[in-house]
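Trainee: Any chance you could fold what I've pasted below:
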Amino acid sequence: MEATAKATEEQSKLLLVEAHGALRMVTLNRPKQLNTLTLPMVKGLLELWSSFEEDPEVGCVVLRGAGGKALCAGGDVRAIYEMRAPPSDPRRVHAPAAALDFFAVEYRALFRLHTMTTPTVAFLDGLVMGGGCGVSINGRFRVATERSVIAMPECGIGLVPDVGGTRFLSAMPGETGTAMALTGRRVSGTDARALGLATHLVRSQDLDLVVDALAAVVAGDECGTCIGGARGAALTDAVDECLREWESTAGVAEAGDLAPNRVLIDRWFAFDAVEDIVAALSAAAAAATAATSSERQLAGELLSSMRAASPSSLKVALASLRRAVLRSPVVTVTGPGPEPLQSSTLPPLALQVKRSSPPPQPPPPELAACLRDELCEVAAALARDDFYEGVRARLVEKGAGAPPAWNPRELADVSEKEVVRRFEPETKEVEVVVRRFEAAIGLAPAVPKVCEAAAWSKRRGDGGRGPSPRL
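Mentor: Numbering: from 1, shown residues only. Okay, the predicted model is just below:
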């Protein structure tokens, strides 16, 4: 009982809850750490979101970050780094049990958020990275501002895009999500709105007024409020309309470079082998003709980011994104069919697809299955050196020491077998965690193996993509 009381007290300090009539505002409160997530925080979010969903007096939930610099800069990976067993301990080659607990609870919280019928609104104000994307983009409404800086930088620290990233990144227009996943490229609020990561764009200075406006909306009878009754589409639509009214007053946020360069991004990241993407970027960065200096610069920057990332993470991330697309329903496409070309760098799993006219964008894949795969992938990463090397170099020493010693160091040395094995539990301990997670979210344990080239080609139609669907 004492331990439970202490945990609850810690949660109340890390998660501030305010009631504005039927609206509940949750503030992530670790401003000095840019509101990075800890185990008590994700446990608290799971409990809060569950209680809000069950409470007929709650009509809307708003999430924001304390300190004015970030909604959330991700999970506290430095704390996870410190959980690793010492070199003399045989458990060093396994994912730390405490780290697995954190990710399993975090993913349960994200699934709870995603399945809520109560309208949720996240303010993507300031830094939103990794786990910050998870606690926001998996919800119903995401409000970007001119201060938004959104990224999924996991490959740069030897991890893989997770927190439902394989779902929302693969649902982005064209290959913009692939580019974000493999390069860690940051996007602005304007780009986030254009790419579907954000549903609205509002001035940062207006967010407090937006809270007041939302509180008034959910308290009104005209929206079909949930107070004392069943919440329905009318309430969600009213929240959406309220946010759109504030969006109309927003100033123009700084533009990024992914959405405006969609044609180039689709061309460079159209492949299913990381080596082919690197080759395309290398050619574009070195082109002396048929390219502007800005195109060469962008290709060079994206290439540099990929070359600095873990080769294993890059390959697992790309395979995970392509695998996720297979979970979307097959889309009937009219016009020219696919014209696949066999890649020279990998066996059949890695297939190069030539683009023609884009078909409709398929619906996003199922989040539950994506989270299950990501839990296996993260557990595998935590059992290998790359994650600890990446965190040491990038977050502990912050570039002052040696660069990460990736193992393997080259893309060519990461085998397809090594990639495929990361989609399933590698140890009994991990399998127990995965099975408990599946049971907690109601997911059947049977899942398809990693996609084969033929299935991937069939699902993708002619390989192009259209506008982003509603996430």
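Trainee: Distance from stretch 192-209 to the middle of the chain?
Mentor: With C-alpha atoms, centre = their mean, to the nearest Å as the basis, stretch 192-209 stands 18 Å off its chain's centre.
Trainee: typed the wrong thing, it's stretch 372-379
Mentor: 13 Å.
Trainee: Keeping just the C-alphas, turn it into PDB.
Mentor: The C-alpha trace of stretch 372-379 is given here as PDB (Å, rounded to 0.1, in the frame of the first residue of the first chain):
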ATOM      1  CA  ARG A 372       3.000  -5.600 -31.000                       C
ATOM      2  CA  ASP A 373       5.700  -5.700 -33.700                       C
ATOM      3  CA  GLU A 374       7.400  -2.600 -32.300                       C
ATOM      4  CA  LEU A 375       7.600  -4.100 -28.800                       C
ATOM      5  CA  CYS A 376       9.500  -7.100 -30.300                       C
ATOM      6  CA  GLU A 377      11.700  -4.700 -32.300                       C
ATOM      7  CA  VAL A 378      12.500  -2.500 -29.300                       C
ATOM      8  CA  ALA A 379      13.200  -5.600 -27.100                       C
END
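Trainee: per-residue confidence averaged over that stretch?
Mentor: Stretch 372-379 shows a mean pLDDT of 97.
Trainee: do stretch 92-103 as well
Mentor: Stretch 92-103 comes out at a mean pLDDT of 94.
Trainee: in that stretch, what counts as buried?
Mentor: H94, A95, P96, A99, L100, F102, F103 (16 or more other C-beta atoms under 10 Å). All C-beta spots, glycine's among them, are computed from the backbone N, C-alpha and C.
Trainee: Count the neighbours of G21 for me.
Mentor: Neighbour count for G21, taken as other C-beta atoms under 10 Å: 18.
Trainee: Distance of A194 relative to M41?
Mentor: 30 Å (C-beta to C-beta, to the nearest Å).
Trainee: In the stretch 351-471 of the chain, where is pLDDT below threshold?
Mentor: The model of the stretch 351-471 of the chain has pLDDT under 70 over residues 351-364, 446-471.
Trainee: need the strands for the stretch 51-200 of the chain, in chain order.
Mentor: 60-65, 70-72, 120-124, 127-129, 141-144, 149-151, 187-188, 200-201 (DSSP state E, counting those that start in this stretch).
Trainee: Sheet-wise, list the partners of the longest one with their directions.
Mentor: If I follow you right, that is strand 60-65. Under the criterion DSSP bridges, strand 60-65 sits next to strand 23-28 (parallel), strand 120-124 (parallel) in its sheet.
Trainee: by contact count, what packs against the lengthiest helix in the chain?
Mentor: In the chain, taking DSSP state H as the definition, the longest helix is helix 97-114. Other elements packing on helix 97-114 under the criterion 3 or more C-beta pairs under 8 Å, 6 or more residues apart in numbering; DSSP states H and E are helix 39-54, helix 131-137, helix 367-382, helix 428-441.
Trainee: before we move on, the earlier item: counting neighbours, go ahead and name the busier of A194 and M41.
Mentor: Neighbours were counted for A194 and for M41 using other C-beta under 10 Å; M41 has more, 27 against 22.
Trainee: Now do the same contact list for that one.
Mentor: Q11, L14, L15, L28, R30 (C-beta atoms under 8 Å, 6 or more residues apart in numbering).
Trainee: rerun at 7 Å
Mentor: L14, L15, L28 (C-beta atoms under 7 Å, 6 or more residues apart in numbering).
Trainee: And A151, by the same measure?
Mentor: Applying C-beta under 7 Å, 6+ apart to A151 gives the contacts M129, G184, R185, R186.
Trainee: who does it bridge with?
Mentor: Bridge pairing for A151 - DSSP bridges - gives M129.
Trainee: Could you check the angle the helix or strand hosting A324 makes with helix 367-382?
Mentor: In this assignment (DSSP states H and E), A324 forms part of helix 311-325. Per axes from the mean of the first three to the mean of the last three C-alpha atoms, to 10 degrees, the angle that helix 311-325 makes with helix 367-382 is 170 degrees.
Trainee: From here on, call the first residue 361.
Mentor: In the new numbering, first residue 361, that becomes helix 671-685.
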